[in-house]
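Asker: the sequence isn't on hand, but the structure is:
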Ligand SMILES: [Cu+2]
C-alpha cells in the first residue's frame, strides 16, 4: 500500500511539474516569436558589446556593399576602410594579431576573398593603432534568408570588433550552393563543401567499429563486482585468459597494419599535400593623411533623459583652407551635419538608414573655421539610437570615455578625418 501511495504522490507532483513546465515553455516560445518578429531591434547580439569596444577600437568608414540582395552562389563585394583608434581601451590587448572576417548569424555566406590594403588577408597579422586600412571581402550567398551582416576584425585577446551591419538578402535554395576550387596541382574540386567528407566518414566509421568490437569482447565477460570479488580472493590470474591475450595481440597488430596501410594509401592518392599554414600576414597601413585640425575636448556630457551627447570642443585649424564639421561617427552610427553639403554627399545612398540618426549633428556655430583660427563650439548628437544601440551603458563603466571620428570638409569638399576622445559625464537634465 505504501508503495502505491508514494507512486501516486509522485505521479501527481509529476503532473504539476509538467503543467508548470508547459506554462514556462509557452512563455519562452512566445518570447522567441516576439524576438523573431522584432529581428530588426534585437539583431544578433552586437549591441550587447560594451560601448568601449564599439566606440574606441575599430572605426569602419566608407563602407560599400556591391548589392544587398543575391541568389545562392552569387557574390556580394564589401569594401571599406577602418581606423584602429588612438585611444584604444587599456583593458584589452593591442591589435598584435588580427583576422579580418565578417559577423553573420551562422555560416550564411561563404567568404571567398579577403584583402587588407591589397594584401591577401587569408591569415592573421599585426596592425597598427591610429592608422587606417582599406579592406575588401567577397561573400558568396550560401543559406537563403535575410541576414544582418557586419564587417569584423577578430583581435587576439580582445574578441570580435564589429563594423556597421547591413541587411543582406539571399534567395534560392541552400541545396544548390556550391564552392568549386582548383587546387595548386590543377585538380578541380566541384564542391569544397562535400569534398572528402565521404572518406572522413568512412575512416571514422571503421575506427568506431574496431573500438566497439574490442570493447564488446571485454563487456561480454563478468564485470565489476565479479571481478572485484575475484581480485579479493586472489584469483586475478583467472580474469585474463590466454584467449584474451591472443585477442589483444591480434588487435595490436591489426591496428598497426590498418594505420600503415591507410597512411600509404593517402600518400599514393594525394602525393602533393601542403600543411595548414601558420604564417602571418604582413601589411603596411595606408599612408598618413594630413590632419591640420587640432581638437581638444573641453567637456563632454551625456544627457540621459534627453538622449543627447554634447561635446564642447576646441578646434584649431592649422591648415590653409577653411573647414567645417561635417560628421561625428562612432560605433557605426553616423551623425551628419545637414547644413554641410559635402558631408551629406559623403553618405552613400545604400548605407543602412538605421545607422544614420535623422536629427543629424547639430553644430553650434556652423561657419567655417578659418585657417589659423581657434574656436570652441558645442557639438550635439541627439537621438534614441544611443539607447537603441545600448551605448548609454558606457556611463556604468569605470572608465567613462567617449571616442569617435570627426569628419571635416574644407572649402573644396576635401575630407579630413580626426580622432575625438575624452572623458564623458552623465547629466540628468540640464548640462
Ligand atoms: Cu547585426
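Answerer: Noted; the coordinates are in hand. A quick note: this is a predicted structure, and the numbers were derived from the prediction, not measured. Residues are numbered from 1 along each chain as shown.

Asker: contacts and neighbour counts: CA atoms only from here.
Answerer: Will do.

Asker: before we move on, which element is the residue in the stretch 101-250 of the chain that the ion sits nearest to in?
Answerer: Nearest residue of the stretch 101-250 of the chain to the ion: residue 148, at 4.5 Å (CA to the ion). Using DSSP states H and E, residue 148 sits within strand 145-155.

Asker: avg pLDDT for that strand?
Answerer: The average of the pLDDT scores along strand 145-155 is 95.

Asker: got the residues of the protein near the ion?
Answerer: By CA under 5 Å from the ion, the residues of the chain that approach the ion are 148, 165.

Asker: ok, which stretches of the chain are helices?
Answerer: Secondary structure of the chain, counting by DSSP state H: helices at 2-37, 39-42, 51-55, 197-219, 224-232, 242-269, 341-345, 385-388.

Asker: hey, least reliable of these by pLDDT?
Answerer: Note on these: lowest mean pLDDT is at helix 39-42, with a mean of 44.

Asker: would you mind measuring from residue 145 to residue 250?
Answerer: Distance from residue 145 to residue 250, counting by CA to CA, to the nearest Å: 54 Å.

Asker: just to revisit the earlier point, near the residue of the stretch 101-250 of the chain closest to the ion, how many other residues are there?
Answerer: Residue 148 is flanked by 19 other residues according to other CA atoms under 10 Å.

Asker: OK, contacts around it?
Answerer: 43, 44, 104, 105, 165, 166, 167, 168 (CA atoms under 8 Å, 6 or more residues apart in numbering).

Asker: just name the shakiest helix or strand of this structure by mean pLDDT.
Answerer: helix 39-42 (a mean of 44; mean pLDDT, DSSP states H and E).

Asker: give the residue spans of the stretch 301-431 of the chain that score low on pLDDT.
Answerer: Across the stretch 301-431 of the chain, the ranges flagged by pLDDT under 70 are 430-431.

Asker: quick one: distance of stretch 374-381 to the chain centre.
Answerer: Here stretch 374-381 is found 34 Å from its chain centre; the criterion is CA atoms, centre = their mean, to the nearest Å.

Asker: how about residues contacting that stretch?
Answerer: For stretch 374-381, contacts defined as CA under 8 Å, 6+ apart pick out 308-317, 335, 359-365, 369.

Asker: what do you get for stretch 103-122?
Answerer: With CA under 8 Å, 6+ apart as the test, stretch 103-122 has contacts from 44, 99-101, 133-144, 147-152, 162, 281, 283-286.

Asker: which of these are buried?
Answerer: Neighbour-count burial (16 or more other CA atoms under 10 Å) applied to the contacts of stretch 103-122 gives 99-101, 133-144, 147-152, 162, 281, 283, 285.

Asker: show me what residue 374 bridges to in the sheet.
Answerer: Judged by DSSP bridges, the bridge partners of residue 374 are residue 316.

Asker: what about the nearest residue to residue 183 once chain neighbours are set aside, how many residues nearby?
Answerer: Spatial nearest neighbour of residue 183, chain neighbours left out: residue 189 (7.5 Å); criterion: CA to CA, 6 or more residues apart in numbering. By the criterion of other CA under 10 Å, residue 189 has 14 neighbours.

Asker: which residues touch residue 387?
Answerer: Here residue 387 is in contact with residue 307 (CA under 8 Å, 6+ apart).

Asker: and what of residue 365?
Answerer: 377, 378.

Asker: for the ion, see how far away it is.
Answerer: 36 Å (CA to the ion, to the nearest Å).

Asker: show me what residue 402 is bridged to.
Answerer: residue 422.

Asker: who's in contact with it?
Answerer: 52, 55, 56, 421, 422, 423, 424.

Asker: can you list those in TSV and add neighbour count?
Answerer: What follows is these, written out as TSV (neighbours: other CA atoms under 10 Å):
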residue	neighbour count
52	22
55	26
56	25
421	20
422	16
423	14
424	21
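
Asker: nearest to the ion, of these?
Answerer: Distance to the ion across these (CA to the ion) is lowest for residue 55, with 16.0 Å.

Asker: neighbours of residue 243, how many?
Answerer: Residue 243, neighbours per other CA under 10 Å, totals 9.

Asker: distance of residue 163 relative to residue 198?
Answerer: Going from residue 163 to residue 198 by CA to CA gives 38 Å.

Asker: about what we covered before: narrow the contacts of stretch 103-122 to those in strands?
Answerer: 99-101, 133-141, 147-152, 162 (DSSP state E).

Asker: quick revisit: please indicate which of the contacts of stretch 374-381 are buried?
Answerer: The neighbour-count criterion (16+ other CA under 10 Å) marks 308-317, 335, 360-363, 369 among the contacts of stretch 374-381 as buried.

Asker: and the pLDDT at the residue nearest to the spatial centre of the chain?
Answerer: Nearest to the geometric centre of the chain sits residue 103, at 3.8 Å (CA atoms, centre = their mean). Predicted confidence (pLDDT) for residue 103: 92.

Asker: please name the nearest non-neighbouring residue to it.
Answerer: Excluding its sequence neighbours, the residue lying closest to residue 103 (CA to CA, 6+ apart) is residue 150, at 4.8 Å.

Asker: identify the residues contacting that neighbour.
Answerer: If you count contacts by CA under 8 Å, 6+ apart, residue 150 has them with 102, 103, 104, 162, 163, 164, 165, 166.

Asker: for the ion, what is the nearest residue in the stretch 201-350 of the chain?
Answerer: Closest point on the stretch 201-350 of the chain to the ion, by CA to the ion, is residue 332, at 11.2 Å.

Asker: so who does that residue touch?
Answerer: Residue 332 touches 54, 59, 60, 61, 163, 164, 355, counting by CA under 8 Å, 6+ apart.
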